[in-house]
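Engineer: Just the structure for this:
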Amino acid sequence: MSEARTPAQIEADIVRRREQLAETLDEIGVRMHPQTIIGDARARVASTVDQTAGRAFASVNRLVTDVRDGLRHEDGAPRLERVVPVALLAVGVVGLLVVSARRRRG
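Structural biologist: Residues are numbered from 1 along each chain as shown. The predicted structure follows:
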C-alpha cells in the first residue's frame with residue numbers, strides 16, 4: 001500500500017521535476033546548437049585524420065626500414081649487389097623526369 005502524500009509533498013515533487021526537465025532541455029539545447037554540432041564534427045574529423053596519418057607514417061616507416069635493412073649486411077656494410085641497381089634505377093628515373101620536364105617547356 002502507498003502512503004497518502006500531502007499537498008506540500010506533491011508540490012515539492014512538481015518543482016523538482018520541473019527543475020530536472022529544465023536541466024534536460026538546457027542540455028538538449030547545448031547539444032543541438034549548431035556550434036556544438038560543428039565542433040563535434042571537427043573533432044571527429046581531426047581524430048580520423050590523426051589516426052590515418054599515424055597509420056600511414058607507421059607503414060612508410062616500416063617500408064623504409066625494410067628497404068634499408070635489405071640494402072645492408074647484418075654487420076651494417078652496404079650490399080653493393082643491391083645498392084648499385086637501386087642507385088642506377090634512381091638515376092634513370094630522375095633523368096626521365098628531367099627530359100620530360102624539358103619537353104613540356106619547349
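
Engineer: what's around residue 11, how many residues?
Structural biologist: 11 (other Cβ atoms under 10 Å). No exception for glycine: its C-beta is placed from N, CA and C like everyone else's.

Engineer: Can you give the distance of stretch 29-36 from its chain's centre?
Structural biologist: The gap between where stretch 29-36 is centred and where its chain is centred comes out at 23 Å by Cα atoms, centre = their mean, to the nearest Å.

Engineer: Quick check: mean pLDDT of that stretch?
Structural biologist: Mean per-residue pLDDT for stretch 29-36: 92.

Engineer: list the contacts for residue 90?
Structural biologist: By Cβ atoms under 8 Å, 6 or more residues apart in numbering, residue 90 lies in contact with nothing.

Engineer: Name the helix or strand for it, please.
Structural biologist: Element membership of residue 90, judged by DSSP states H and E, is helix 80-105.

Engineer: top helix in this structure by residue count?
Structural biologist: helix 34-70 (DSSP state H).

Engineer: Buried residues, it. List them.
Structural biologist: Within helix 34-70, no residue counts as buried by 16 or more other Cβ atoms under 10 Å.

Engineer: can you give me the angle that helix makes with helix 80-105?
Structural biologist: Put simply, helix 34-70 runs at 130 degrees to helix 80-105, going by axes from the mean of the first three to the mean of the last three Cα atoms, to 10 degrees.

Engineer: other SSEs contacting helix 34-70?
Structural biologist: For helix 34-70, not one helix or strand is in contact under the criterion 3 or more Cβ pairs under 8 Å, 6 or more residues apart in numbering; DSSP states H and E.
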